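quick one, what's the 3D model for this:
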Amino acid sequence: MSSTLRVQRCASRRVLLATTLLVLVAVVNITVDAEDTAPLQSRALVVGVGRYDNDTVQRLRYSVEDAEAIYGVLLNQALFRSANIVLLTDRTQLKPTRRNIMSALSATLSHAQKADLVVIYFAGYATVDRSSGASTLYLLPRDADPDSPASSGLSLEEVGKILNRAASERFLLLLDAGHSGAAIGPISREMTKRQDNVEWAIVTASRPEETSVELDDLRHGLFTYYVLHGLGGAADRDGDGVVTLPELFEYVEGQMILKSRVLGISQHPLMFGRFAGLGPAKGVFH
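Numbers count the residues shown, from 1 in each chain. Take a look at the predicted model:
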């Protein structure tokens, strides 16, 4: 395995996963030069956790940088006004604790209207808890106890329920996490309960059985690095100045497969959902 591979974003008895979650509430084309097409009230919650209060949790070197870079991309592509983006990282005044994340999520969604675009990005650890007999994925905020994720983490079922109650009708989730393909189930179950014209998609950094990595040479998580480059224009396959979701996924998948082969690892992104241009949820797109 290459020496550039610093850490697998996966560890512990319950399987810790470094996670990057990006939720776009309103699945629209993500543009490179989007002044004309950007929704008027795009909103975002961007979270990056590198250091945890629990000393047994290994520090993540690049999750804060991942979050800050996503924050920068949102601003630079003119999709968002700075006043409508909440950033919570190790370096901000408000730290990414469970209370602060939930408060920011509630505020972000409460202000979102039907056609609004809302981004929620989470970079940090998560854990798959199998103690109850079922596999439940929990995002771990800064103050989480990895041995008690049900009381201190954020479950994907909970996130799905919150999004289900939101006024917005379109969602996109991007998860940079080992085993993050396991999140497709709980999110899709909540989305299919809605009776409106909801459009949604989930893109994960790995299949359920795979780990996820962050790399010293990229100074990012592998998945987030190529998401950033794709949104910067590298994924604009047809050169029309617009990076669509299918274009972004095709680019990220191709680049990750090539890099994984060089590193001697197996990491494949997945995509699932119902969104503009692809119609109803058709399964995982490879």
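
number of nearby residues for E169?
Close neighbours of E169, defined as other Cβ atoms under 10 Å, add up to 18. C-betas here are computed from N, CA, C, even on glycine.

whoops, G239 was the one
G239: 7 surrounding residues under other Cβ under 10 Å.

and it, that's in a strand?
No - assessed by DSSP: H, G, I helix; E, B strand; the rest coil, G239 does not belong to a strand; its assignment is coil.

can you tell me how far it is from G233?
Using Cβ to Cβ, to the nearest Å, G239 is found at 9 Å from G233.

likewise Y125?
Relative to G233, and taking Cβ to Cβ, Y125 is found at 31 Å.

those two: who's more crowded?
With neighbours defined as other Cβ under 10 Å, Y125 and G233 compare such that Y125 has more, 32 against 14.

test my guess that that one contacts R51.
No - contact criterion Cβ atoms under 8 Å: Y125 and R51 do not qualify, at 10.8 Å.

show me the longest helix that occurs in the protein.
Longest helix in the chain by number of residues (criterion: DSSP state H): helix 245-263.

show me what that one is packed against.
For helix 245-263, the packing partners by 3 or more Cβ pairs under 8 Å, 6 or more residues apart in numbering; DSSP states H and E come out as strand 199-204, helix 222-229.

could you tell me the least trusted of these?
When these are compared by mean pLDDT, strand 199-204 comes last with a mean of 86.

pull up the pairing partners for that one, direction included.
According to DSSP bridges, strand 199-204 forms sheet pairs with strand 170-175 (parallel), strand 270-274 (antiparallel).

dump it to CSV, restricted to CA.
The C-alpha trace of strand 199-204 is given here as CSV (Å, rounded to 0.1, in the frame of the first residue of the first chain):
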residue,chain,number,x,y,z
GLU,A,199,-36.2,14.8,-6.0
TRP,A,200,-33.3,13.3,-4.1
ALA,A,201,-30.0,11.5,-4.5
ILE,A,202,-27.4,10.0,-2.3
VAL,A,203,-23.8,9.5,-3.4
THR,A,204,-21.4,7.6,-1.1
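
next SSE after that strand?
Per DSSP states H and E, the first helix or strand lying C-terminal to strand 199-204 is strand 213-215.

quickly run through the sheet partners of that next one, with directions.
strand 5-8 (antiparallel), strand 220-221 (antiparallel).

averaging pLDDT over each of the ones you listed, which comes out lowest?
Set side by side, those give their lowest mean pLDDT on strand 5-8, at a mean of 50.
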